[in-house]
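Participant: one predicted model, sequence on top.
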Amino acid sequence: MRDDEPRVIKPGFHAEVYAIVREIPFGRVATYGDVASALGAPSVARQVGWALAALREDDVPWHRVVNAQGRISARGDLARATLQRTLLEAEGVVFDALGCIAMSRYRSRPRPRI
DNA sequence: GGTTTGACCATAA
DNA sequence: CTTATGGCCAAAC
């Protein structure tokens, strides 16, 4: 094990986040706020993003999580943003000319975990 | 311990 | 359209 990288020793919050994200159906998306709400804390959207940024597992469909505008939020990481879009399109999710997803169609409300 | 940061959100200008 | 601001809270430093 390497300890030169941030690693989750004792998954607490992130484990919950990952559990929610894993529940998002194929071809559907959820917002950071939706995931946060499913955790019972609508205001922890930032931490959801933080948790996904720290994600190192490959069994979590992180690409199905977008921001409230239906756009990809990868900040400076362009490679990740491109990958996310590619993965979503592979699931049949369509982006418009502005790079937005029609949330009214694809949005999925995660089942509350509380 | 306090401070900073962040894949957010809503609102205002 | 862009930029700014306040709020939120976990993790990293």
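Facilitator: Nice, thanks for sending it over. Everything quoted here is computed from the prediction, not taken from an experiment.
Participant: only C-alpha atoms for contact and neighbour calcs from this point on.
Facilitator: Noted.
Participant: give me the residue at the spatial middle of chain A.
Facilitator: Against the mean C-alpha coordinate of chain A, by Cα atoms, centre = their mean, the closest residue is residue A:65 at 2.8 Å.
Participant: bridged to it, which residues?
Facilitator: For residue A:65, the beta-bridge partners under DSSP bridges are residue A:30.
Participant: ok, it touching residue A:27?
Facilitator: No. Here residue A:65 lies out of contact with residue A:27, judged by Cα atoms under 8 Å, at a distance of 11.3 Å.
Participant: low pLDDT regions in chain A?
Facilitator: Across chain A, the ranges flagged by pLDDT under 70 are A:1-11.
Participant: mind redoing it with 80?
Facilitator: A:1-12, A:76, A:113-114 (pLDDT under 80).
Participant: the residue of it found nearest DNA strand B: neighbouring residues, count only.
Facilitator: For chain A, the residue closest to DNA strand B is residue A:53, as judged by Cα to the nearest atom of the strand, at 3.0 Å. Taking other Cα atoms under 10 Å as the neighbour definition, residue A:53 ends up with a count of 11.
Participant: for residue A:103, see how far away it is.
Facilitator: Computed as Cα to Cα, to the nearest Å, the residue A:53 to residue A:103 distance reads 22 Å.
Participant: ok, residue A:85 next?
Facilitator: The value you get for residue A:85 to residue A:103, if Cα to Cα is used, is 14 Å.
Participant: try residue A:38
Facilitator: Counting by Cα to Cα, the separation of residue A:38 from residue A:103 is 17 Å.
Participant: more neighbours: which of these two?
Facilitator: Between residue A:38 and residue A:103, counting by other Cα under 10 Å, residue A:38 is the more crowded of the two (20 against 17).
Participant: so who does that one touch?
Facilitator: Contacts for residue A:38 (Cα atoms under 8 Å, 6 or more residues apart in numbering) come out as A:20, A:110-114.
Participant: now render the residues you listed as CSV, adding neighbour count.
Facilitator: Listed next are these as CSV, based on neighbours: other Cα atoms under 10 Å:
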residue, neighbour count
A:20, 21
A:110, 21
A:111, 14
A:112, 13
A:113, 13
A:114, 9
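Participant: show me the residues you listed that map onto helices.
Facilitator: Among the contacts of residue A:38, the subset assigned to helices under DSSP state H consists of residue A:20.
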